[in-house]
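>>> compute the structure for the input listed below.
(2 chains)
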Number of protein chains: 2
Amino acid sequence: MEIAVHIPLSEAQKHRLSAGAPGTTFRYLARDEPSDAPVVFGNPTPAAVAANPRLRWLQLGSVGFGEYLPLDWRRPQGTAVVTNLAGFFADPVAETALAGILALCRGIDRLGDLRRARRWVGDAIRAEITTLSGESVVLFGRGAINGRLADLLVPFGCAIASFGRDWTAPALDRALAQAGVVVATVPHTPLTENLFDAARIARMRPGAIFCNLGRGSLVEEAALAAALESGRLGGALIDVTRDEPPAADHPFWTTPNTILTQHSGGGTRDEVDRKIDWFLDNLRQFRQGGPLRGEISLDRGY
Amino acid sequence: MEIAVHIPLSEAQKHRLSAGAPGTTFRYLARDEPSDAPVVFGNPTPAAVAANPRLRWLQLGSVGFGEYLPLDWRRPQGTAVVTNLAGFFADPVAETALAGILALCRGIDRLGDLRRARRWVGDAIRAEITTLSGESVVLFGRGAINGRLADLLVPFGCAIASFGRDWTAPALDRALAQAGVVVATVPHTPLTENLFDAARIARMRPGAIFCNLGRGSLVEEAALAAALESGRLGGALIDVTRDEPPAADHPFWTTPNTILTQHSGGGTRDEVDRKIDWFLDNLRQFRQGGPLRGEISLDRGY
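I've put the predicted structure just below:
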């Protein structure tokens, strides 16, 4: 069987791929190079997908697939299947979330500033730091990331209020007024656009930590920056911003108690290896006619 | 009953103490002011303790009690009991340990440097970061801190090798060669002095993260600094140093991937309130003749 690969791979990664699927021919193509391979791995351009008459299965190297939604997947031999990496980034993003929350609780960011200034404050920092154990936490978004984060929080004995697609503004606001930590992982939709505006941020508990690992459009950034500057909020972990990179004069470069993770939340050193392994697992299923992990329902758009 | 208090308290803290023990007279004294109170809370000087003929119970406001070891606790009405805060700092220190480990895994410290320089690297940081999940971890020290840390690590599915008083060098070295994370919480003893010297650090797995939350004397600091400078070790969380503060030219101020927490690991904003609550719980036990939390065996010295 021939498989077209639209992910740039090192020689070691190509070897990992070949070793996992003996007898298969892999063709390494640029995003916009069309092929007639029945199995495609990576993110070819939509035009390259449309030009493939024999496509049976496309394994994306991403969670997002918005650019492919307009395509017609019917082919002479049947409708092609599309799988994404749903859940693939849950582990690293949840770890970045907990890393940021604990860093803000335990003063790791401030201690970094002090080290850079070679300044020893000793006991004085103790009056500024707190523990996460027993804290009230709002998880806004009930997907794989917050699911994993909830698992990681179990030993901390936090009181967790979790909101999925059934969220309502009154219930969310009641929970926000109590929570010491708020973690948002929701995608961009018309309903979440600017949801954390000045009014909602003002309803949050004083000193709370706000974390955004979903989409930058959730937040009115000037209002969040003002709440950090005034000390109204205790800190923020910001993985996503409206513009990436943010402008040179963006307030998040300088607001206090802010951790800006540059959309690295899903990253790991072995990310491509893990994508290859995901693909190989699915390839075995595909060959046996079994169910594929991450199959997208193209009607619903998720 | 009269209780002598040798901890500096705010008015709010004095109120918390009084409210928790109605009908009790509290006398607030300096460390070196003697009293004849049967119950003493805090850390009076050993001379002030020796001068108290009616002492029945001393609740220390610390875990350490070395300065009181030479004292004779016999009194005309019986031997006085001493309690310390054993385990009191386990929660915050374990959280600082996990905060530091996750920060080093997820690049939180490097991202802080980048923010300070207003430098966006975006995807490039992904190749440098990793996850803690599934990592091999050595916990050196089997007290309350590492016990709590082991609890916090459960959802990460780490392979944990734990060493208590029964540790041997060969077994420790075998585990160090495998571990991606090493957390030391052991006290200073002749056996632990300089235990992590250049030879032992050289046996650690390349790229490993080393955390010291016990005593600075465990580590040959120049050797650890060299291993960080060369990239032989992946990072270090250093809560304790041989000199505190370390000298202005100490390498830990500048070694890469180093988090220096200035002996703040046990700190929390509500630390004194929690000490008061600990004392009040013990006071209720004392009055009922029940067992006291943290009673020290003065023969064994711990």
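>>> hang on, residue A:263 is in a helix, isn't it?
No - read with DSSP: H, G, I helix; E, B strand; the rest coil, residue A:263 is coil and lies in no helix.
>>> contact partners for it?
Contacts for residue A:263 (C-beta atoms under 8 Å, 6 or more residues apart in numbering or on different chains) come out as A:239, A:240, A:241, A:244, B:122, B:123. For every residue, glycine as well, the C-beta is placed using N, CA and C.
>>> buried ones only from those residues, please, as a ChimeraX command.
Typed into ChimeraX, the line below selects the buried ones among these, using 16 or more other C-beta atoms under 10 Å in any protein chain shown:
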select /A:239,240,241
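>>> and of the contacts of residue A:263, the nearest to residue A:58?
Closest to residue A:58 out of the contacts of residue A:263 is residue B:123 (22.8 Å), distances taken as C-beta to C-beta.
>>> from chain A, how far off is the closest one?
To chain A, residue B:123 is 7 Å away according to C-beta to the nearest C-beta, to the nearest Å.
>>> isn't that residue right up against residue A:266?
No - between residue B:123 and residue A:266 there is no contact under C-beta atoms under 8 Å: 10.3 Å.
>>> burial of the residue in the stretch 151-300 of chain A that chain B sits nearest to, as a residue count?
At 2.9 Å from chain B, residue A:267 is the closest residue in the stretch 151-300 of chain A, using C-beta to the nearest C-beta. With neighbours defined by other C-beta atoms under 10 Å in any protein chain shown, the count for residue A:267 comes to 25.
>>> for residue A:268, same thing?
For residue A:268, using other C-beta under 10 Å, the count is 22.
>>> any idea of the pLDDT on it?
The score at residue A:268 is 96. That number is its pLDDT.
>>> what do you get for residue A:299?
In this model, residue A:299 is scored at 60, pLDDT.
>>> grab the nearest non-local neighbour of residue A:83.
Nearest non-adjacent residue to residue A:83, counting by C-beta to C-beta, 6 or more residues apart in numbering or on different chains: residue A:294, 4.2 Å away.
>>> isn't the one you found up against residue A:89?
No - Residue A:294 lies out of contact with residue A:89 (C-beta under 8 Å); the separation is 11.8 Å.
>>> quick one, which of the two is more surrounded?
residue A:89 (22 against 16).
>>> how close does that one get to chain B?
11 Å.
>>> name the nearest residue to that residue, sequence neighbours excluded.
Take residue A:89 and drop its neighbours on the chain: the residue closest to it by C-beta to C-beta, 6+ apart is residue A:266, 3.4 Å away.
>>> helix, strand, or coil at that neighbour?
Residue A:266 ends up coil, using three-state DSSP.
>>> quick one: it and residue A:87 touch, right?
No - between residue A:266 and residue A:87 there is no contact under C-beta under 8 Å: 11.1 Å.
>>> tell me which of those two has more neighbours.
Set side by side, residue A:266 and residue A:87 show more neighbours around residue A:266, with 20 against 16, by other C-beta under 10 Å.
>>> what number of residues are in the vicinity of the closest residue to residue A:164 other than its chain neighbours?
Excluding its sequence neighbours, the residue lying closest to residue A:164 (C-beta to C-beta, 6+ apart) is residue A:142, at 3.3 Å. Residues lying near residue A:142 (other C-beta under 10 Å) number 17.
>>> got the residue ranges for the helices in the stretch 1-150 of chain A?
Here the stretch 1-150 of chain A has its helices, by DSSP state H, counting those that start in this stretch, at A:11-20, A:46-50, A:90-106, A:108-116, A:144-153.
>>> and the last one, how far out from the chain's middle?
Here the centre of helix A:144-153 is set off from its chain's centre by 12 Å, with C-alpha atoms, centre = their mean, to the nearest Å.
>>> what about dumping the CA coordinates of the following helix or strand past that helix to CSV?
For helix A:144-153, the succeeding helix or strand toward the C-terminus, using DSSP states H and E, is strand A:159-163. Included here for strand A:159-163 are C-alpha records, laid out as CSV according to Å, rounded to 0.1, in the frame of the first residue of the first chain:
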residue,chain,number,x,y,z
ALA,A,159,-13.9,21.6,45.1
ILE,A,160,-14.4,21.5,41.3
ALA,A,161,-17.3,23.1,39.4
SER,A,162,-17.2,21.9,35.8
PHE,A,163,-19.1,23.4,32.9
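>>> could you list the buried residues of strand A:159-163?
A:160, A:161, A:162, A:163.
>>> out of these, which one sits closest to residue B:109?
Using C-beta to C-beta, the buried residues of strand A:159-163 come closest to residue B:109 at residue A:160, 27.7 Å.
>>> burial measure for residue A:257, as a count.
As a burial measure, residue A:257 scores 18 neighbours (other C-beta under 10 Å).
>>> mind checking the end-to-end distance for stretch A:168-185?
16 Å (C-alpha to C-alpha, to the nearest Å).
>>> identify all contacting residues around that stretch.
Against stretch A:168-185 from outside (C-beta under 8 Å, 6+ apart): A:93, A:97, A:101, A:132, A:135-141, A:143, A:145-146, A:149, A:158, A:161, A:163, A:196, A:200, A:203-205, A:207-214, A:218, A:234.
>>> and if you look at stretch A:39-54?
Residues contacting stretch A:39-54 (C-beta under 8 Å, 6+ apart): A:1-7, A:29, A:31-38, A:55-62, A:67-68, A:70-72, A:75-77, A:279, A:283, A:286.
>>> quick one on the thing from earlier: can you select the buried ones among the contacts of stretch A:168-185 for me in PyMOL?
Buried residues within the contacts of stretch A:168-185, by 16+ other C-beta under 10 Å, are selected in PyMOL with:
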select buried, chain A and resi 93+97+101+132+135+136+137+138+139+140+141+143+145+146+149+158+161+163+196+200+204+205+208+209+210+211+212+213+214+218+234
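>>> restricted to strands, list the contacts of stretch A:168-185.
Secondary structure from DSSP state E places A:136, A:137, A:138, A:139, A:140, A:161, A:163, A:209, A:210, A:211, A:212 of the contacts of stretch A:168-185 in strands.
>>> which of those residues sits closest to residue B:254?
In terms of C-beta to C-beta, no member of the ones in strands among the contacts of stretch A:168-185 lies closer to residue B:254 than residue A:209, at 29.3 Å.
>>> quick revisit: the residue of the stretch 151-300 of chain A closest to chain B reaches residue B:131, doesn't it?
No - using C-beta under 8 Å, residue A:267 is not in contact with residue B:131; the gap is 9.6 Å.
>>> anything in contact with each of these two?
residue A:92.
>>> burial count for the residue in the stretch 51-200 of chain A positioned nearest to chain B?
Nearest residue of the stretch 51-200 of chain A to chain B: residue A:126, at 2.8 Å (C-beta to the nearest C-beta). Residue A:126 has 20 neighbouring residues, counting by other C-beta under 10 Å.
>>> need the pLDDT of it.
According to the prediction, residue A:126 has pLDDT 93.
>>> that one - nearest residue in space that isn't next to it in sequence?
Nearest to residue A:126 is residue B:267, by C-beta to C-beta, 6+ apart, at 2.8 Å.
>>> swap in residue A:258?
Closest residue to residue A:258 apart from its sequence neighbours, by C-beta to C-beta, 6+ apart: residue A:236 at 5.1 Å.
>>> spell out the secondary structure type for the one you found.
Three-state assignment for residue A:236 (three-state DSSP): strand.
>>> for the stretch 151-300 of chain A, what lies in contact range of chain B?
When proximity is defined by C-beta under 8 Å from any C-beta of the partner chain, the stretch 151-300 of chain A lies next to chain B at A:151-152, A:154-156, A:244-246, A:248, A:253, A:258-264, A:266-271.
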